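Chemist: Coordinates for the following, if possible.
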Amino acid sequence: MSEALPVSIRAAEAGPSASRYAVYYAPAAARPLWRFGSRVIGYDAETGEDLESPPLRHFDAESWRAVTADPRRYGFHGTLKAPFRLAPGHDEAGLRASCARFAASRPRFACAGVAVSSIGRFLALRTVQPCAGIDRLAAGAVSAFDAFRAPLNEAEMEKRLRAPLTERQRDYLARWGYPYVMDEFRFHMTLTGAMDEATRSRAEDELRALFAESEADGPLIVAEIALYRQEAKPGARFRLIERFPLGA
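Modeler: Below is the predicted model of the structure:
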């Protein structure tokens, strides 16, 4: 049986006002995949600019911005190390240096590609075939950057525990601050928030057609990792602050 979550998982010293960081996979800004994902969610996390909604048959601009509000807050990405606040004794400069060392020690690789898929009530891009390279990269990032992670505060823990988690996922939440890691990790790049079944079906048809026209359906090139930061202010979005090449 899973033990109760440890007492150490409580409000972090840094407090809920501290900036958050995340280590993500982000396609190169010049690649069609970055342009596709950023336009779909209406936000370019590298430039910080809002983008016009794509032309859609079943959604006007206002309704599509509502559908994509959640992913727009995080920026287009694939999670490697989920968002965290810095633990006491650590700073952004140290995190950047650690990202550079981590990236330099990992090889570049490619996955077969991605496609628009449903994950529960939302839509995302998922790899069309299993990709051991991205699984290894994510597992390494979870472990390598955990020393920088402050414990979850009460609000963050309560939010995570609202989801129906398995015993293993609860164990991972206690150990790593996020339940979907290691063998529970499934690489994806989120495109929408949660929708009812009919809305999701219409959105999936629309996005599959857009993706087919985007020239983004080639191999998934993984040549770098990216550090994102969310400033500690109401409504702040995550912003890509530095890219780190793999195998440099």
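
Chemist: List phi and psi for Gly37.
Modeler: phi -60, psi -40 (degrees, to the nearest 10).

Chemist: For it, which non-adjacent residue is closest in space?
Modeler: Distances taken as Cβ to Cβ, 6 or more residues apart in numbering put Phe76 closest to Gly37, at 3.7 Å, once the chain neighbours are dropped. To be clear about C-beta, it is placed using only N, CA and C from the backbone, and glycine gets the same treatment.

Chemist: how about whichever strand or helix holds Glu242: buried residues?
Modeler: Using DSSP states H and E, Glu242 sits in strand 238-245. By neighbour count on 16 or more other Cβ atoms under 10 Å, the buried set for strand 238-245 is 238-240, 243-244.

Chemist: quick revisit: which residues are in contact with the residue nearest to Gly37?
Modeler: Neighbouring residues of Phe76 by Cβ atoms under 8 Å, 6 or more residues apart in numbering: 26-27, 34, 37-38, 40-41, 43, 45, 189.

Chemist: three-state assignment of Arg85?
Modeler: Arg85 falls in the strand class when you classify it by DSSP: H, G, I helix; E, B strand; the rest coil.

Chemist: Might one say that it is in contact with Arg20?
Modeler: Yes - counting by Cβ atoms under 8 Å, Arg20 is a contact partner of Arg85 at 5.5 Å.

Chemist: Between these two, which is the more surrounded one?
Modeler: Arg85 (25 against 20; other Cβ atoms under 10 Å).

Chemist: and the residue most central in space within the chain, what element?
Modeler: Central residue of the chain (Cα atoms, centre = their mean): Thr79, 3.4 Å from the mean position. For Thr79, the host element (DSSP H and E) is strand 78-85.

Chemist: Now do the same for stretch 187-195: mean pLDDT, whole number.
Modeler: The average pLDDT within stretch 187-195 is 97.

Chemist: Would you mark the buried spots in that stretch?
Modeler: Here stretch 187-195 shows 187-193, 195 as buried, counting by 16+ other Cβ under 10 Å.
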